[in-house]
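Visitor: what's the 3D shape of this:
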Amino acid sequence: MSKSPILLTVLLVLSSMFSSAVIAADPQYQRELEQQGKSAQAHSLRAQFAAQDLMVPRARLEVDAYRFDLNLLPAEGKLEGTLTADLVASEKLTEVDFDAVGLKITKVWFTDEAGVKSEARFEILAASVRVTLPVALRESGATKFSLTFAYSVSGDKRDGRDGGIEHGLFFVNADGTRHDVTPTVYTTVEPELARSWFPCIDDPTVKAKRSEMRITAPDGWVALSNGALISRAAHAESKTTTLEWQEKFPIPTYLISLAIAPYTVIDGHAGALPVQYYVPKDLEAKARVDFERTPKMIEYFSSLWLPYPYEKYAMSTVPLYTGAMEHTTATTMSDAYINGDQGGEETVAHELAHQWWGDLVSPKTWDDLWLNEGFATYAETLFTHQFHGADAAVEGLLVQRTSYLQFDVDGSAALVDPKVAPEDKFTPAVYEKGGWVLHMLRHKLGEAVFHDASVAYLKKHAFGNTSSADLKKAFEDASGVDLTDFFNQWVFGAGYPVLALSWTYDTSMHALQLTLEQPGKVFKLPLELLIAGRDAAGALVTTPAQIELGAAKQTFTLNLPAGFPVPSGVALDPALKILKKVVADRTPRELHFWLEDAEKSPWLIRFETLDEIDRASVKIELARDLVGRLSRESLPALQVQMLELLTAARKAKDFTDGDFKLIQKAVHERVTDANVEVRLAAANAAHEYLAPELADLIAQRFENEPEIRVLARLALTLAHSHHARAFELLYTQMQKSSNQPGHRKLVQSVLEAFGTLGDKRAAALLADYVAGANPYYQTAALESLGALAVPSTFQTIAGILRDVSRSVELRISSAKALAKFGGISAAKELSDQLQIEKNEQVKKAIKAALEHLGGMPRLRELSVQGSPAQLKW
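Guide: Numbers count the residues shown, from 1 in each chain. Okay, the predicted model is just below:
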């Protein structure tokens, strides 16, 4: 028995979550960007070919090296040159298949062991190139030979016209015709798009022992690739420069990369290791701030795992890209991370961690992608704890948990699931759940064992490939613990425990009667409890307990220490060791007990108590109580939770005008709060509690708000308010933000807001963005253009749906825009296209749009009166 909370040390120091140490940017949004970007690329490739076309049966080959000799032709939007693969065969061969998609291959040469080179016949197949060898290779022993491919590739122009073969090679304003985007050429190919920019064996287990990149580009362009820069040569006559990079360590195809632009190179070091940042000149000052801590991160991760394993570490920024990609020694980052506020540090840490987890040790198959992304996500937590403190680290874990639970609502997602295609694996079920599984494993085995096992795993499998079974064995060897049940439940099994808690106190026995139900899948796990009450003086008194779960419903009798007061509350997992969802029907008395002021009750338990409350059924009595508590609450994390509950309370039964005014006042007061997270939550709540006086405040705040995330949310609320100055303020913000890479989410929100506002003066601006080259803005602008329903824009919207050369994403947005446009012409356009559409994703969008239109009274009336026969809903 104790007069202070019996919690782990990590909880004892957590007194100011979301306070001055709060990180400005949104790490969850950053992870979403990476997940969406990688998934979208892979989906586009899969859409072009049947699964069997991408699974090329091949002989057993080892790759000694990939050697590139390429020329960049930016005005033509292409790379051309040669790729030589130095190979070793262990069986008799007469032909070799290489993965290749969308490449213009003109010649192939075969070079034998003696160095004799001869031309080889080849055939372009659906997703590969088949080379017939001039000489059959011997049946036994290792035979070395080389294949050299002369080819060119045009890549994706990033202009919204990528409806054909998807690429991993991107040309952004390469011809320099635009002034708002830095000319850039770059690659990003995970999981299976390396084949779209060079012929290769596109399999993560087939690592080249080395790679060499010789790239020639016009003067002024600077090329970054893997490994060390070994030569530079200027060619005065052609006004070009050749750089030669060499990666001397094994590397899979998905990590071979190029980033070429008129870069400024910022040089640094971590000890003796060269550290470089390749950024446009206009982003140099901000990049110095945003990347400043990278050397310290390298030193920290090197102390945790193994010394950094490669020749250098570099990061390049590229425009019109979602997320970041961990190319070996040469990470590629979206320029949206460069804001000069260190807000993207979690992503910097995540991608750096991949140099160990994913690059040094790679997965045997994409089914084990979580070994890459789970460790990199958990590395964010380790970095945050080291550089920002325990409170911020726990904040990150809570955010990651929320993201995963919102994604896996029905508990059907597993870390390892062969039924899920590679392009569908980039989700919170792999990233956030993966990080949480490692967090649980660390608690289960202890800090020292977790560290030793991680290091042993990296040492044993360095430059190789592993599966989840290999990780399991490493942790079993280090701990002596059989982890079969743990891995079966958390890695190979789906979902997470849902715990329904109820309890009573037996006065005669001085014992707690605790009932825990698992309404979903039953998990077997140890669960720590904290039982709490108040002594005669009102001080918090706690005692710990632990139970073992393993059945759908269990009742436990917990005898309390002599002298322990009557319990007032029970907290599950007070040290945040288990990934779970708790459903607790707490009495008003227990809610009151846990929600007392911070001096009397641990903040994390109070946070969890609020988090347990079902947002779909917030009782109005609770909402009224929270209004009072909100005014007294000092911790921003809890204010955010309360504002979320007050937002949900708008749909509560017995909600009155008096409640509206009471809650509106509370929201009103926090729209201008000093804490950015509180302002963001208040901006979300304001949407539910709009009134003329609050609309004025929203307009004022939008005009003066410094934080991009809050501005993005306020833009939508401002549009919903239909404030007299809404169009003016939104238009002005567009002028400020349109060319700021770090403002992408804000620009998308403003474009969406124009559609909500319905002011037809925005039509010309929206049409310009639809015609522009930024795919992230095109979709938002197109849907808003449809909402305005200006007749002169109809053919622009409909034409995109008809044009199969446009991206799938943009054509889907066109279908949505036509649904918003409304009218019989839109319905006919959709119906006509449905009859001939071949893309299944677009078909699905058209059907949804027609269903939406079919539910509109005016269209039902027209259909009865004799609308075209094609209109079927």
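
Visitor: end-to-end on stretch 176-196?
Guide: Stretch 176-196 has its terminal residues 24 Å apart, counting by CA to CA, to the nearest Å.

Visitor: buried set for that stretch?
Guide: Neighbour-count burial for stretch 176-196, counted by 16 or more other CB atoms under 10 Å, picks out 181-196. Glycine gets a C-beta too; all of them are placed from N, C-alpha and C.

Visitor: now swap in stretch 800-818 and tell me
Guide: In stretch 800-818, counting by 16+ other CB under 10 Å, buried: 800-801, 806-818.

Visitor: now it: how far from the chain's centre is it?
Guide: 24 Å (CA atoms, centre = their mean, to the nearest Å).

Visitor: From the opening residue of it to its closing one, how far?
Guide: Termini of stretch 800-818 sit 11 Å apart (CA to CA).

Visitor: What average pLDDT does that stretch get?
Guide: Averaged across stretch 800-818, pLDDT comes to 93.

Visitor: With stretch 134-152 instead?
Guide: 87.

Visitor: again with stretch 488-499
Guide: 97.

Visitor: For the closest residue in space to residue 317 that isn't next to it in sequence, the count of nearby residues, please.
Guide: Nearest residue to residue 317, sequence neighbours excluded (CB to CB, 6 or more residues apart in numbering): residue 335, at 4.2 Å. Counted by other CB atoms under 10 Å, the residues lying close to residue 335 total 24.

Visitor: sorry, back to before: just the ones in helices from the buried residues of stretch 176-196, please.
Guide: Judged by DSSP state H, helices contain none of the buried residues of stretch 176-196.

Visitor: Which of those residues sits closest to residue 703?
Guide: residue 181 (27.7 Å; CB to CB).

Visitor: so the closest one makes contact with residue 320?
Guide: Yes. Using CB atoms under 8 Å as the test, residue 181 is close enough to residue 320 to be in contact (7.0 Å).

Visitor: Pull up the overlap in contacts between those two.
Guide: Taking CB atoms under 8 Å, 6 or more residues apart in numbering as the contact rule, residue 181 and residue 320 both touch 172, 773, 774.

Visitor: Assign a three-state SS to the second one, would you?
Guide: The reference is to residue 773. coil (DSSP: H, G, I helix; E, B strand; the rest coil).

Visitor: Tell me the spacing between it and residue 173.
Guide: Relative to residue 173, residue 773 is positioned 7 Å away (criterion: CB to CB, to the nearest Å).

Visitor: Now list whatever residues contact both of those two.
Guide: With CB under 8 Å, 6+ apart, residue 773 and residue 173 have common neighbours residue 181.

Visitor: need the helix or strand of this structure with the lowest average pLDDT.
Guide: helix 9-12 (a mean of 34; mean pLDDT, DSSP states H and E).

Visitor: And the residue of the chain positioned farthest from its centre, what's its pLDDT?
Guide: Relative to the centre of the chain, the most outlying C-alpha is that of residue 508, 53.7 Å out, by CA atoms, centre = their mean. Note on residue 508: pLDDT of 93.

Visitor: Need phi/psi at it.
Guide: phi -70, psi -30 (degrees, to the nearest 10).

Visitor: what do you get for residue 532?
Guide: phi -140, psi 150.

Visitor: Hmm, it is touching residue 567, no?
Guide: Yes. Assessed by CB under 8 Å, residue 532 is found in contact with residue 567 at 6.8 Å.

Visitor: rewinding a little: go through the buried residues of stretch 176-196 and say which is closest to residue 218.
Guide: residue 183 (10.0 Å).

Visitor: Helix, strand or coil: sort out residue 412 for me.
Guide: coil.

Visitor: quick one: low-confidence parts of the protein?
Guide: Scanning the chain with the threshold set as pLDDT under 70 gives 1-59, 139-141, 157-166, 597-601, 855-873.

Visitor: Nearest to residue 850 among the shared contacts of residue 181 and residue 320?
Guide: Looking across the shared contacts of residue 181 and residue 320 and measuring by CB to CB, the closest to residue 850 is residue 774, at 28.9 Å.

Visitor: ok, now which ones touch that closest one?
Guide: Contacts of residue 774 by CB under 8 Å, 6+ apart are 181, 320.

Visitor: any idea how far residue 151 is from residue 621?
Guide: 70 Å.

Visitor: nope, residue 370 is what I meant
Guide: 35 Å.

Visitor: the more surrounded of those two?
Guide: Applying other CB under 10 Å to residue 370 and residue 151 shows that residue 370 carries more neighbours, namely 26 against 22.

Visitor: how about that one, phi and psi?
Guide: According to degrees, to the nearest 10, residue 370 has phi -60, psi -30.

Visitor: Repeat that for the one 4 residues further on.
Guide: Torsion angles at residue 374 (phi, psi; degrees, to the nearest 10) stand at phi -70, psi -50.

Visitor: and what of residue 354?
Guide: phi -60, psi -20.

Visitor: Please report the distance of residue 146 from residue 718.
Guide: Residue 146 is 62 Å from residue 718, by CB to CB.

Visitor: Please say which of the two ends up with more neighbours.
Guide: residue 718 (31 against 18).

Visitor: Quick check: buried residues in the strand or helix carrying that one?
Guide: In the assignment (DSSP states H and E), residue 718 maps to helix 708-721. Of all the residues in helix 708-721, those buried under the rule 16+ other CB under 10 Å are 708-721.

Visitor: buried stuff in the very next helix or strand once past it?
Guide: Next helix or strand after helix 708-721 toward the C-terminus (DSSP H and E): helix 726-737. For helix 726-737, burial by neighbour count (16+ other CB under 10 Å) applies to 726, 727, 729, 730, 733, 734, 737.

Visitor: Would you reformat these as TSV and include distance to residue 284?
Guide: As requested, these are arranged in TSV below (distance: CB to CB, whole Å):
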residue	distance to residue 284
726	36
727	36
729	32
730	31
733	26
734	26
737	20
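
Visitor: between these, which is nearest residue 389?
Guide: residue 737 (32.0 Å).

Visitor: Just give the nearest non-adjacent residue to the closest one, would you?
Guide: residue 743 (3.8 Å).

Visitor: what secondary structure does that neighbour sit in?
Guide: helix.

Visitor: Quick check: it touching residue 708?
Guide: Yes. The pair residue 743 / residue 708 is scored as a contact, 5.9 Å apart, by CB under 8 Å.

Visitor: List the contacts of residue 75.
Guide: Residue 75 neighbours (CB under 8 Å, 6+ apart): 174, 175.

Visitor: Does it belong to a helix, a strand or coil?
Guide: coil.

Visitor: And it, how far from residue 239?
Guide: For residue 75 relative to residue 239 (CB to CB), the value is 13 Å.

Visitor: ditto for residue 577
Guide: 62 Å.

Visitor: Show me which of the two is the more surrounded one.
Guide: Under the criterion of other CB under 10 Å, the comparison of residue 577 against residue 239 puts residue 577 first, with 17 against 10.

Visitor: So for the more buried one, what's the nearest residue that isn't a sequence neighbour?
Guide: Nearest one to residue 577, counting by CB to CB, 6+ apart, is residue 443 at 4.5 Å.

Visitor: just residue 581 next, same as before
Guide: Closest to residue 581 by CB to CB, 6+ apart is residue 498, at 4.9 Å.

Visitor: That neighbour: neighbour count?
Guide: Neighbour tally, residue 498, other CB under 10 Å: 17.

Visitor: That one is in contact with residue 578, isn't it?
Guide: No. Using CB under 8 Å, residue 498 is not in contact with residue 578, being 11.9 Å away.

Visitor: follow-up on the earlier one: I'd like to know which of the buried residues of helix 726-737 is nearest to residue 525.
Guide: residue 737 (47.1 Å).
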